[in-house]
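S.K.: how does the following fold in three dimensions:
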Amino acid sequence: MGLNSLSPRSISQSIDPRTVKVGIGRVVRAGRRMNLYYFWEKRWFFIAMAVGFGMLQLPVPGDLSREGMIVLTMSAVATILFITEPVPLPTVALMIIVGQVILLGLDSTQVAKSLMTDSVLFIMGSLMLAVAVVKQKLDKRIAWLIVRLTGTRTSYICFGISAVSGLLASFIGEHTVAAMMLPVGITLITLTSDDPKDVRNLAAVLLFSISYGCSIAGIGTPSGGARNAIMIGYWKEFFYEPGNPDTYKFLIDYVHWMMYAYPMFLLQLPFVTVILLFTFKPEYRNLSRAVVKLRAEVDMQGGLKPGDWVAILIFILVLVGWITASSDLGMGTVAIFGAVGFLVAGLVKWEDINSGVNWGVVLLYAAAISLGVQMKDTGGAKWVAEHFLDILTPLGADHGVGLWAAVSGLTTFVTNTMSNGAAVAVLGPIVLNLATAAGESPIVIGYITAVSSAFAYLTVVGTPACTIVYASGYLKTTDFLKVGWKMCIMSIIIMMLGAYFYWPLLGT
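M.R.: Presented below is the predicted three-dimensional model:
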């Protein structure tokens, strides 16, 4: 019988109603499961929305404006979404932008202008430079250079890896250096033994040398991390007044930042190696066998090519520009100029930059900084700072070292739950207003916040460097807790000593 000869009646008669019922039931149950799965996956999004709606229904405190309440609500919702990530983080940035227009009633052009500051331009340019640097594939050469400087003893190599990772990360960002140095660590591990179980502790020491070397160094210069540029932007936005000489000190340039923060990085370097070797005792005290294999691979690559030397020259020029011209041109302009140099020289293609730069990160920091400015303008940050100070007063931590420790502890906690840049973006307006209310130096409190945001040693997601080395497969999440608390104590002590004894010598 042909298909055309089938009538609707014959078709209906050939179908078993029980089969249809069972099929429909399965579809309905599958749909319900999909809905439940969707709501479970997005539960923190709906919880954040409920928290925001509930906060907006609360009576506004008498010493806080309605706009300030709205901004604090947006900040609370954004913080929940930053921590739980039920939606992509760039989505949170878009929500912040839309919220400023709809909830605060700001003109969209005004909001757009607040998104593109020199700090955001600097972050974007640094990410573009990072892509160009990684494109040169210098990992094995760097590993060989480290070994030539340190020798083959495991402890010396670990210190060398931390030092080189740190020196690089202090200028081009920790996530870039971690990605570039990870093959270095894996190369030394695999050349030592093919069985990961035989080099469990060695792998932990080498990989943590990379991630923690990058983390402690990210504080060293403004280009070491987005959090530094964010804090510099806040200082200028909150306290600088054109034509007022008393506020010129809040125009923090590249050299000024290095004077405050770079010694903190250098002092921590030897302690990183000591803590790692004490926590994870390596199976091999000497890596001479791996070094022999590494040298053979480097010899096969040959010498540096002309393009490598051009890349090195461009990067040196960018560093010189940051140090000498950032106060006049802006650090963002110098970073973009460097990216243009790599493109013009043909060392990197735009397709590489377009695919290698996380543009969502740029958008996220832009929106977070914009929200921070609104926290200042509406008085929301001042309100939170004053009430936080009221809590600290009975504890004797409302001024001096006690306040510094409280700010550092708060920042350390927050930065282990979200990215360090987001932590400074959220806390910056609050702690700077807290400094003003307590009669403390906003510069000191700002540096304490920015430096403490690097103490994300406890979790895999606390910093990109930790996430990158964890992705190698050699580490467990418990390893971070095992060594991270020791790192936190060491870093906080060194920072507090520096803030008490060293920073006053610089005029704070």
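S.K.: number of residues surrounding residue 439?
M.R.: Other residues near residue 439 number 10, with proximity taken as other C-beta atoms under 10 Å. To be clear about C-beta, it is placed using only N, CA and C from the backbone, and glycine gets the same treatment.
S.K.: mind pulling up the pLDDT for the residue lying closest to it once chain neighbours are set aside?
M.R.: With C-beta to C-beta, 6 or more residues apart in numbering as the criterion, residue 439 has its nearest non-adjacent residue at 6.9 Å, and that residue is residue 399. At residue 399, the model reports a pLDDT of 79.
S.K.: my guess is residue 399 contacts residue 437, does it?
M.R.: No: between residue 399 and residue 437 there is no contact under C-beta atoms under 8 Å: 10.2 Å.
S.K.: from residue 367, how far off is residue 244?
M.R.: 29 Å (C-beta to C-beta, to the nearest Å).
S.K.: between those two, which has more neighbouring residues?
M.R.: residue 367 (27 against 10).
S.K.: identify the residues contacting that one.
M.R.: 92, 93, 94, 96, 97, 115 (C-beta atoms under 8 Å, 6 or more residues apart in numbering).
S.K.: buried among those residues? Make that a PyMOL selection.
M.R.: Buried members of the contacts of residue 367, defined by 16 or more other C-beta atoms under 10 Å, are picked up in PyMOL with:
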select buried, resi 92+93+96+97+115
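S.K.: could you export the contacts of residue 367 as CSV, including secondary structure, distance to residue 506 and pLDDT?
M.R.: Output for the contacts of residue 367, formatted as CSV (DSSP: H, G, I helix; E, B strand; the rest coil; distance: C-beta to C-beta, whole Å; pLDDT from 0 to 100):
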residue, secondary structure, distance to residue 506, pLDDT
92, helix, 37, 86
93, helix, 35, 85
94, helix, 40, 91
96, helix, 35, 90
97, helix, 38, 91
115, helix, 33, 83
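S.K.: among the contacts of residue 367, find me the one that's closest to residue 443.
M.R.: Nearest to residue 443 among the contacts of residue 367, counting by C-beta to C-beta, is residue 115 at 25.6 Å.
S.K.: next one, pLDDT for residue 139 please.
M.R.: Reported pLDDT for residue 139: 58.
S.K.: isn't residue 162 up against residue 273?
M.R.: Yes: judged on C-beta under 8 Å, residue 162 makes contact with residue 273 at a distance of 6.0 Å.
S.K.: tell me which of the two has more neighbours.
M.R.: Neighbours were counted for residue 162 and for residue 273 using other C-beta under 10 Å; residue 162 has more, 29 against 23.
S.K.: burial count for the residue lying closest to residue 285 once chain neighbours are set aside?
M.R.: Distance criterion C-beta to C-beta, 6+ apart; nearest residue to residue 285, sequence neighbours excluded, is residue 154 at 5.3 Å. Using other C-beta under 10 Å, residue 154 is surrounded by 20 other residues.
S.K.: so residue 154 versus residue 276, what's the distance?
M.R.: 11 Å.
S.K.: need the phi and psi values for residue 442.
M.R.: Per-residue torsions, residue 442: phi -60, psi -30 (degrees, to the nearest 10).
S.K.: ok, it - contacts?
M.R.: Counting by C-beta under 8 Å, 6+ apart, residue 442 has contacts 235, 238, 239, 250, 432, 435, 436.
S.K.: most surrounded residue in these?
M.R.: Most neighbours among those, by other C-beta under 10 Å: residue 432, with 26 neighbours.
S.K.: and that residue, what element?
M.R.: According to DSSP states H and E, residue 432 maps onto helix 420-438.
S.K.: what's the spacing between that helix and its chain's center?
M.R.: 16 Å (C-alpha atoms, centre = their mean, to the nearest Å).
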